[in-house]
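Student: return atomic coordinates for the entry below.
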Amino acid sequence: MPAMTSFPPPSAAAAPVLPDVPERIAFLAAPTDVARHEFDRLTRRYGNCHPGEADVVVCLGGDGFMLETLRVVLEQNLTVPVYGMNCGSVGFLMNPMLEDSLPQRLTTTQAATLHPLRMKARTMQGDTHEALALNDVFLFRQTRQAAKIRVDVDDLVRMPELICDGALLSTPAGSTAYNLSAHGPIVPLSGNLLPLTPICPFRPRRWRGALLPSTARVGFTILEPEKRPVAAVADSIEIRDVVSVQIHEDRTLAVTVLFDPGQTLSERITAEQFSA
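Tutor: The predicted structure follows:
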């Protein structure tokens with residue numbers, strides 16, 4: 001099967017999502033030699049089926065391919081849970097690559113339910129683009145000049161002018177990714193919060209961002225867009241030359257991600273706060 005291209009406040013499930021040993025597994029592999037090698041081995045041993053007919057999707061790759069797979073599951077309105085096996089580098093959303101007794105191990109997994117951010121971006125050309133993001137939506141400058149951005153929350157102007165390299169709005173699941181690298185706060189999955197974090201702010205220089213309720217609707221308006229062009233990115237979807245971006249958490253959409261016992265997403269996010 002060819003590789004596929006890319007879900008709330010998330011929460012861990014107490015009961016197993018797969019109480020019975022799954023008979024129909026859909027394997028999806030990233031376009032790398034390691035992932036394709038594991039795909040060949042696992043499908044020879046356990047078979048393969050289409051994601052729409054599967055009891056579980058097993059994603060072979062890294063965090064980037066996992067996000068692409070989750071987006072496909074969302075966009076195709078599938079209810080199948082997704083279990084990641086790490087063939088990449090960091091693998092924050094993934095589980096170890098262990099081939100033996102995979103169907104039996106899947107019955108012991110625990111779940112996190114994720115809701116995506118929905119981005120609606122309008123460009124200088126007048127086009128409108130929509131995309132989903134499970135990690136974050138971020139804006140960044142396209143040229144050597146800093147961006148100038150107005151920040152609205154629930155239709156109220158909260159910052160008339162932010163001069164910066166960019167800004168991002170993160171999900172709780174994505175708060176340990178780009179958001180953390182930009183010195184934003186880590187948010188527990190059960191926190192019902194969305195971190196809003198500036199990227200290299202120049203003015204106001206000491207502003208470190210805000211924690212917003214998950215119901216917030218965030219708007220970015222680009223000031224001087226022709227002189228200071230800005231791009232918007234929803235996970236892996238990039239839109240150039242935007243003039244305005246609207247973002248909110250879409251609670252009507254959800255995807256279930258599976259983790260080995262003791263390695264739930266909530267535990268990983270907590271542990272990240274105590275790492276060096």
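Student: which of the three states applies to residue 41?
Tutor: helix (DSSP: H, G, I helix; E, B strand; the rest coil).
Student: can you give me the helices in the chain?
Tutor: Using DSSP state H, the helices found in the chain span residues 33-46, 63-75, 102-106, 178-181, 265-272.
Student: for the ones you listed, give me CSV that also has distance to residue 166, mean pLDDT and mean neighbour count.
Tutor: In this view, the C-beta of every residue, glycine as well, is placed from N, C-alpha and C. Shown next, in CSV, are these (distance: least, Cβ to Cβ, whole Å; pLDDT from 0 to 100; neighbours: other Cβ atoms under 10 Å):
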stretch, distance to residue 166, mean pLDDT, mean neighbour count
helix 33-46, 31, 96, 16
helix 63-75, 19, 92, 23
helix 102-106, 39, 94, 17
helix 178-181, 10, 93, 18
helix 265-272, 23, 87, 16
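Student: out of those helices, nearest to residue 152?
Tutor: helix 178-181 (19.7 Å; Cβ to Cβ).
Student: just give me how far stretch 24-38 sits from the chain centre.
Tutor: 20 Å (Cα atoms, centre = their mean, to the nearest Å).
Student: next one: stretch 34-48
Tutor: That offset, for stretch 34-48, works out to 26 Å (Cα atoms, centre = their mean).
Student: so which residues make contact with that stretch?
Tutor: For stretch 34-48, the surrounding residues in contact (Cβ atoms under 8 Å, 6 or more residues apart in numbering) are 1, 3, 25-27, 29, 58, 60-61, 65, 85, 87, 97, 99, 102-103.
Student: just the CA atoms of that stretch, as CSV, please.
Tutor: Listed next in CSV are the C-alpha coordinates belonging to stretch 34-48 (Å, rounded to 0.1, in the frame of the first residue of the first chain):
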residue,chain,number,x,y,z
VAL,A,34,13.7,1.8,7.4
ALA,A,35,9.9,2.2,7.4
ARG,A,36,9.4,0.3,4.1
HIS,A,37,11.6,-2.5,5.3
GLU,A,38,9.5,-2.9,8.5
PHE,A,39,6.3,-2.6,6.4
ASP,A,40,7.4,-5.5,4.3
ARG,A,41,8.2,-7.7,7.3
LEU,A,42,5.0,-6.8,9.2
THR,A,43,2.6,-7.3,6.3
ARG,A,44,4.2,-10.6,5.5
ARG,A,45,3.6,-11.8,9.0
TYR,A,46,0.2,-10.2,9.9
GLY,A,47,-1.4,-9.3,6.5
ASN,A,48,-2.7,-5.9,5.5
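Student: what residue ranges in the stretch 1-150 of the chain score low on pLDDT?
Tutor: For the stretch 1-150 of the chain, the stretches with pLDDT under 70 are 1-16.
Student: nearest to residue 147 among the contacts of stretch 34-48?
Tutor: Of the contacts of stretch 34-48, the one sitting nearest to residue 147 (Cβ to Cβ) turns out to be residue 65, at 29.6 Å.
Student: please tell me how far that closest one sits from residue 17.
Tutor: Using Cβ to Cβ, to the nearest Å, residue 65 is found at 21 Å from residue 17.
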